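Enquirer: Sequence below, structure please.
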Amino acid sequence: MRHMAMIVGLFAGICLLPSAKGQPDRNWWVMGEFGEGQFRLSSDQVQSRLDPTFAFGFAGGHRLTSKSRFGLHVNGWLLEAFSPSDPTVGQTLTNVMGVVDVFPFRDWNRLFLRGGFGVATYTDNRETGANG
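Expert: Next comes the predicted model:
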């Protein structure tokens, strides 16, 4: 949780920087993603199958210059739905990342290079799970 708070705080601080000049309508960006994802848990104690599951994510951020932008990217896999009536049910894998995109070509902004850092968390509320 401390790492997630640091990433969100850094994202908020960067967003307070002055806007990119010459592009008043395009300083903020957002995106969403959803579909099928595949996940396999493997450790010295557990081996699971590769099963398709629901995957989703979103990202957003602020344009720093005409050639770069900064943002927060959150995505994950729902392996087992949580239940408000049963606290022992639920299993997810979540990624929270701070990202920086660089646009190398002046006239073609559909291609960009992305770098970043973040935290991945696995949550398992089952009685035999790791709860963490």
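Enquirer: Distance-wise, check the residue most central in space within the chain relative to residue 125.
Expert: Closest to where the C-alpha atoms of the chain average out (Cα atoms, centre = their mean) is residue 74, at 2.0 Å. From residue 74 across to residue 125, the span is 20 Å (Cβ to Cβ, to the nearest Å). In this view, the C-beta of every residue, glycine as well, is placed from N, C-alpha and C.
Enquirer: Kindly report the same for residue 87.
Expert: Here the criterion is Cβ to Cβ. By it, residue 87 lies 6 Å from residue 125.
Enquirer: and the two? which has more neighbours close in?
Expert: More crowded of residue 87 and residue 125, by other Cβ atoms under 10 Å: residue 125, with 17 against 9.
Enquirer: Setting the sequence-adjacent residues aside, check what's closest to the more buried one.
Expert: residue 90 (4.3 Å; Cβ to Cβ, 6 or more residues apart in numbering).
Enquirer: The lengthiest strand in the chain pairs with which strands?
Expert: Criterion DSSP state E: the longest strand present in the chain is strand 51-65. Strand pairing for strand 51-65, using DSSP bridges, gives strand 28-39 (antiparallel), strand 68-80 (antiparallel).
Enquirer: between the helix or strand in which residue 114 is found and strand 68-80, how big is the angle?
Expert: Under the criterion of DSSP states H and E, residue 114 resides in strand 113-124. Relative orientation of strand 113-124 versus strand 68-80 (axes from the mean of the first three to the mean of the last three Cα atoms, to 10 degrees): 30 degrees.
Enquirer: Distance of residue 117 relative to residue 73?
Expert: Relative to residue 73, and taking Cβ to Cβ, residue 117 is found at 11 Å.
Enquirer: Quick check: neighbours shared by those two?
Expert: 97-98 (Cβ atoms under 8 Å, 6 or more residues apart in numbering).
Enquirer: These two: which is more packed in?
Expert: Neighbour count, other Cβ under 10 Å: between residue 117 and residue 73, residue 73 has more, with 21 against 12.
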